[in-house]
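Undergrad: Fold the following.
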Amino acid sequence: MKLVSALQVSLVLVLVSAGCADTTIRETTVARVGDAVLTQSQLDELWTDRMVRSDSATVAQAIVDQWVVNELLYQEALRRELHTDSLLQQQIEDNRRSLLIARLLEELYAEDAMAPDPTAVETWYQQHRASLVLRQPYVRIWYLPVDSTSWTSVIVDELARAETDTAFSRLIDTYSVQKEQSRYFASGLLPLSLVFSQHASMRERVGQLTEGDIVPPLSDDGLVHVMKLVERVPAGTIPDLNMIRSEIEQRILIESRKQLFARQVQRLRTAAEARDDLFARE
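TA: Down below sits the predicted model:
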């Protein structure tokens, strides 16, 4: 997200003009501490990483303030020559090695990032069917949290008449004040324990429903909650392949990465031994 130019100018004036007589500061500079500079492009990257939805000026100010604080502390640490401490140097090197190894593995996995073959998924499912029995009910619900000031019993009637996900999606757009949560619950079957994990009473109500039932509206914390149980799979059921396909694909992917890791390590080990670069006392 690109910040407006007026915001750029205001941040520069607030953070740089006080006590800074350097008239050569570039237009792309948002803040400066000594020789360290925070540019507009760097600020944009930090902004993107935050993935925030708050007021742009407030968020940008907070990001720049934090950068300034960190840079002041970092430069003071250098002034005190803390970076020469042998233990700290070892920790820095360990972190560097860990980051490089993590980046290498990311590249290796990206090179082999193929979706599991459908035949492999089917084979895995058939081989493990007996161990896939559900230990708890799985449910899919249509959930509408509505602001109490705009609540009307008509909403329950509309929810009762809705028969398709498309129809319910329109109700989300019209009434829900927590649209992401409404869509999440409607997106697929979930273990009952993950439904309203912080609201035991609401979860218990859902657990008592049969398909098609609607929970009587519940008022709480300025909202009116209304739910309809769309689908339920009882505990003890062997789930259909399509119900757990994504989980199986994830398991196959994890196993594939373990095998890729082992092959790469063996390749590196063999190459190092051939160069006589490897020794490990047994």
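Undergrad: ok, then the element right after the helix or strand bottoming out on mean pLDDT in the chain?
TA: Ranked by mean pLDDT, DSSP states H and E, the helix or strand of the chain with the weakest confidence is helix 5-16, at a mean of 43. The helix or strand immediately downstream of helix 5-16 is strand 29-33, counting by DSSP states H and E.
Undergrad: Can I get the helix or strand harbouring residue 76 in PDB? Just the C-alpha atoms.
TA: Per DSSP H and E, residue 76 falls inside helix 56-79. Extracted as PDB, the C-alpha positions of helix 56-79 are listed here (Å, rounded to 0.1, in the frame of the first residue of the first chain):
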ATOM      1  CA  SER A  56      -3.000   4.900   7.700                       C
ATOM      2  CA  ALA A  57      -1.400   8.000   9.300                       C
ATOM      3  CA  THR A  58      -1.500   6.400  12.800                       C
ATOM      4  CA  VAL A  59       0.000   3.100  11.600                       C
ATOM      5  CA  ALA A  60       2.700   4.800   9.600                       C
ATOM      6  CA  GLN A  61       3.600   7.000  12.500                       C
ATOM      7  CA  ALA A  62       3.900   4.000  14.800                       C
ATOM      8  CA  ILE A  63       6.100   2.100  12.400                       C
ATOM      9  CA  VAL A  64       8.500   5.000  12.000                       C
ATOM     10  CA  ASP A  65       8.600   5.700  15.700                       C
ATOM     11  CA  GLN A  66       9.500   2.100  16.300                       C
ATOM     12  CA  TRP A  67      12.200   2.200  13.700                       C
ATOM     13  CA  VAL A  68      13.700   5.300  15.300                       C
ATOM     14  CA  VAL A  69      13.700   3.800  18.800                       C
ATOM     15  CA  ASN A  70      15.300   0.600  17.500                       C
ATOM     16  CA  GLU A  71      18.000   2.500  15.600                       C
ATOM     17  CA  LEU A  72      18.800   4.700  18.600                       C
ATOM     18  CA  LEU A  73      19.200   1.600  20.800                       C
ATOM     19  CA  TYR A  74      21.200  -0.200  18.200                       C
ATOM     20  CA  GLN A  75      23.600   2.600  17.700                       C
ATOM     21  CA  GLU A  76      24.100   3.000  21.400                       C
ATOM     22  CA  ALA A  77      24.900  -0.700  21.600                       C
ATOM     23  CA  LEU A  78      27.600  -0.200  18.900                       C
ATOM     24  CA  ARG A  79      29.000   2.800  20.700                       C
END
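Undergrad: Alright, that wraps it up for me.
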